[in-house]
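**Student:** Below is the sequence, then the predicted model.
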Amino acid sequence: MIKILLAEDDQVMREYLTRALERSGYGVSAVDRGTAALPLLENEQFDLLLTDIVMPEMDGIELAQRAADIAPDMRVMFITGFAAVTLKAGKQVPQARVLSKPFHLRDLVLEVDRMFEVESVPSRN
């Protein structure tokens with residue numbers, strides 16, 4: 001099972017995202033801020049860090065940068081409602097995907113599915 005670490009400070013959004021991803025067969029550990037994600041990253045293995053960018057204590061970009069040191073193979077997807085922050089994320093963590101709010105939960109699941117379906121398709125080279 002693909003394991004996702006979700007960092008989202010908005011409780012309602014965190015619960016919606018967790019439910020949608022779990023219904024789609026993903027394992028989800030959810031925290032309300034970046035600083036709460038770090039101990040989990042150090043003690044568990046995750047396939048994807050799904051993080052809001054704008055959060056108290058530690059923003060999602062800093063979290064992703066710290067996560068890259070702990071788990072360099074983990075993929076990253078940012079969720080944000082701020083266009084300017086999207087540009088900053090793209091420059092500082094270029095390998096990450098960015099999903100802009102508002103989005104439909106179906107779109108989130110499709111994006112996550114796309115990130116991992118590449119692994120199941122054999123290379124044609």
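**Tutor:** Here it is on my side, so go on.

**Student:** Please count neighbours and contacts with C-alpha atoms only from this point.
**Tutor:** Will do.

**Student:** Which single helix of the chain contains the most residues?
**Tutor:** helix 105-120 (DSSP state H).

**Student:** which other helices and strands contact that one?
**Tutor:** Counting contacts by 3 or more C-alpha pairs under 8 Å, 6 or more residues apart in numbering; DSSP states H and E, helix 105-120 is packed against helix 11-23.

**Student:** quick revisit: list the buried residues in the longest helix of the chain.
**Tutor:** 108-109, 112 (16 or more other C-alpha atoms under 10 Å).

**Student:** May I have stretch 42-51 as PDB, with CA atoms only?
**Tutor:** Coordinates of the C-alpha atoms in stretch 42-51 are reproduced here as PDB (Å, rounded to 0.1, in the frame of the first residue of the first chain):
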ATOM      1  CA  GLU A  42      12.100  10.100  10.900                       C
ATOM      2  CA  ASN A  43      10.300   7.000  12.200                       C
ATOM      3  CA  GLU A  44       8.200   5.800   9.300                       C
ATOM      4  CA  GLN A  45       8.600   5.400   5.500                       C
ATOM      5  CA  PHE A  46       6.200   7.300   3.200                       C
ATOM      6  CA  ASP A  47       5.900   7.300  -0.500                       C
ATOM      7  CA  LEU A  48       4.400  10.800  -0.800                       C
ATOM      8  CA  LEU A  49       4.500  14.000   1.200                       C
ATOM      9  CA  LEU A  50       1.300  15.900   0.500                       C
ATOM     10  CA  THR A  51       1.600  19.300   2.100                       C
END
